[in-house]
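Novice: sequence and computational prediction follow.
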Amino acid sequence: MIKSIAIKNIALIEELELEFYYGLNIITGETGAGKSVLLNGIGLILGEKISPDTLRTGAQKGSVEVVFDISRNNLLKSLLAQSGIELEDNYLIVKREVTDDSRSRSFINLSSVPNSSLKHFGEYLLDISGQHDHQSLLRPQTHIDLLDNFGKLQKQRELFNLKFKELTELKAEYEDFFSSEEEKRKQFELNEFAIKEIEDSKIKPGEDQYLDSELQALTNFERITSTLESSYLYLYEQDHSVIPSTEKVIAILEKVADIDDKLKQASDELKEGLYILENVRDMIRTYKDQLDFSPDRLEEINQRLELIKDLKRKYGGGIEEILAHKEKCLLAVEKYSQNKDRMDSLNQNIDQLQNELKRMAIDLSKARQIKARELEKEIERELSYLGMEKTTFKIEFRYIQDENSFLRISDKGVKLEEKGIDRVEFIFSPNPGETPRPLSKIASGGELSRVMLAIKSILTEMDEIDTILFDEVDAGIGGEMAMKVSRKILDISSKRQVLCITHSPQIASKSQHHYFVDKSEDSGRTKTHIRKISEEEKVREIARMLSGEKISDITLEHARELISKH
């Protein structure tokens, strides 16, 4: 419940601090005094959007801070714990700051949070009922939520919703596979062809370079052979060739090497040179002996190099890239095979989920229909108390036809949605003999107010929200009916904290804590003030509401009489 609220520089409020209490907190004041400012301030800490006139004119920053006691709200405490928000003595401090550049910052227990968090947690903090909610009754899409809340079917619906989302995701995944299956199959075939072509080629790293060298050798066979023979001749095979001549010089030098170190050094260096020359001779001889011109081998090398060139054009600039492409294709082929297995698995999972959802959808629909009969009776009983004894209130069910649906009822396909298969609408007949019709067709403002109040009265028992805010639920009613409405609100306040903004003296007379709203002008600026008033001030306020500005002893007595009624 709300313990206190502090507002600064919001709309017409310059600065305001109020405490609220358990039970019925009534807020009254003249039209235009600014009662809605309090409601708008509370709306801000529930995550509502800021508007250009949110901030007080001339102010650079404004704020709303509300302290909640959530000791009885176990669901909210659990959600806060999951979000890592710590509580102290079960108090929750929610604050929102607004700046003159139309930006805002939000805080929960002094920790900065996204503005969206206020809306999320606000659903569990406060229930606002007002003219806006009356209008929501005219939207059939809200009726199924009210019925599920009454029937405590939220858990069952949530389980269905989770399965429904799971099925939707699996179907989307399957459709993605299926829609691109032809393209993926073609790519699979291309990958398999590339793998086979590369593997059949038996291509090896560096092979192209080796073949190029061999090709050069075969193409220049005669020139190379002539050069090798001449080189070998000059090195070794004639009388004055290099190697025999070098051997003779070494032999001559060795005879005098012990006479002079320089001659020994010259002999040693010639020996090293001779070793190199002999290696070159041996290499030339081996190469010359192995060299064999073969026109067939030349053709074979040319064909092999042409094959490698073709593979490079298709799959990469070099042999390394070609082999890397083969590995990439192998991975793609493996993934395609896994995808085929995944498609088979998806089919099985989709069939299984559809069977589960059939059962869950029908079970949820049956549970709703049972609870709908209970809710019809309870709402008719509440409306009877509120002066609508002859009212017929029914909850109508229908399905949306979908011939492609896997769920069939009476041999017709039924569409499944996130909330199940049911479309629910409240229908209403305020007069005997009239066929019940949608609320939007026949309900007046006063009737809507009473229907909403009846629903709130019933649903109050169903949730853990501690605070209900009624905003002018007296629309379209007065006299004895307003007195009945006031008693119903008082009854609700015995179980919850109620904040009620009203113009009805009958409702205001039931206040356990009364707040008065007025406005004043100071230095050309208008300010809204809200304060808790005493019992005597409450009598005068009720008298004002009964008779206007002229308060007489008679209207004061009438006000006291109204307050004393139960």
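Specialist: That came through fine.

Novice: the stretch 451-566 of the chain: helices as residue ranges?
Specialist: 479-493, 505-508, 535-547, 553-564 (DSSP state H, counting those that start in this stretch).

Novice: can I get those in CSV with mean neighbour count?
Specialist: Every C-beta, even on glycine, is put in place using the N, C-alpha and C of the backbone. What follows is the helices of the stretch 451-566 of the chain, written out as CSV (neighbours: other Cβ atoms under 10 Å):
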stretch, mean neighbour count
helix 479-493, 19
helix 505-508, 26
helix 535-547, 19
helix 553-564, 15
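
Novice: of all the ones you listed, which one is nearest residue 26?
Specialist: Closest approach to residue 26 among the helices of the stretch 451-566 of the chain is made by helix 505-508 (5.0 Å; Cβ to Cβ).

Novice: got the CA coordinates for stretch 410-425 in PDB?
Specialist: Only the C-alpha atoms of stretch 410-425 are listed here, as PDB (Å, rounded to 0.1, in the frame of the first residue of the first chain):
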ATOM      1  CA  SER A 410     -17.200 -30.100 -34.700                       C
ATOM      2  CA  ASP A 411     -15.100 -30.800 -37.800                       C
ATOM      3  CA  LYS A 412     -14.200 -27.200 -38.200                       C
ATOM      4  CA  GLY A 413     -10.700 -25.800 -37.900                       C
ATOM      5  CA  VAL A 414     -10.300 -23.400 -34.900                       C
ATOM      6  CA  LYS A 415      -7.600 -20.800 -34.600                       C
ATOM      7  CA  LEU A 416      -5.200 -20.900 -31.700                       C
ATOM      8  CA  GLU A 417      -3.800 -17.700 -30.200                       C
ATOM      9  CA  GLU A 418      -1.600 -16.800 -27.300                       C
ATOM     10  CA  LYS A 419      -4.500 -16.800 -24.900                       C
ATOM     11  CA  GLY A 420      -6.100 -20.000 -26.200                       C
ATOM     12  CA  ILE A 421      -8.900 -20.600 -28.600                       C
ATOM     13  CA  ASP A 422     -11.600 -18.500 -26.900                       C
ATOM     14  CA  ARG A 423     -12.900 -15.100 -27.800                       C
ATOM     15  CA  VAL A 424     -14.800 -13.800 -24.800                       C
ATOM     16  CA  GLU A 425     -17.200 -11.000 -24.600                       C
END
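
Novice: ok, and for it, which residues are buried?
Specialist: Of the residues in stretch 410-425, 413, 414, 416, 419, 420, 421, 422, 423, 424, 425 count as buried by neighbour count, 16 or more other Cβ atoms under 10 Å.

Novice: that's a strand at the first one, yeah?
Specialist: Looking back up the chat, that one is residue 413. Yes: with DSSP: H, G, I helix; E, B strand; the rest coil as the criterion, residue 413 is part of a strand.

Novice: what's the neighbour count on residue 239?
Specialist: 6 (other Cβ atoms under 10 Å).

Novice: do residue 62 as well
Specialist: 25.

Novice: export the helices of the stretch 451-566 of the chain to a markdown table and tack on mean pLDDT?
Specialist: A markdown table is the format used below for those (pLDDT from 0 to 100):
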| stretch | mean pLDDT |
| --- | --- |
| helix 479-493 | 86 |
| helix 505-508 | 92 |
| helix 535-547 | 92 |
| helix 553-564 | 90 |
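
Novice: now those as TSV including distance to residue 34?
Specialist: Below are those laid out as TSV (distance: least, Cβ to Cβ, whole Å):
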stretch	distance to residue 34
helix 479-493	22
helix 505-508	17
helix 535-547	16
helix 553-564	23
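
Novice: wait, doesn't residue 62 sit right on residue 50?
Specialist: No: look at residue 62 against residue 50 with Cβ atoms under 8 Å: they stay out of range, at 9.6 Å.

Novice: who touches both of those two?
Specialist: residue 98 (Cβ atoms under 8 Å, 6 or more residues apart in numbering).

Novice: so which other helices or strands are in contact with the helix or strand containing residue 118?
Specialist: Residue 118 belongs to helix 115-122 when assigned by DSSP states H and E. In this structure, helix 115-122 makes packing contacts with helix 74-82, strand 91-99, strand 104-108, judged by 3 or more Cβ pairs under 8 Å, 6 or more residues apart in numbering; DSSP states H and E.

Novice: compare these and give me the one nearest residue 548.
Specialist: It is, among these and with distance given as Cβ to Cβ, strand 91-99, at 36.5 Å.

Novice: the closest one packs against which elements?
Specialist: By 3+ Cβ pairs under 8 Å, 6+ apart, strand 91-99 packs against helix 35-45, strand 61-69, strand 104-108, helix 115-122.
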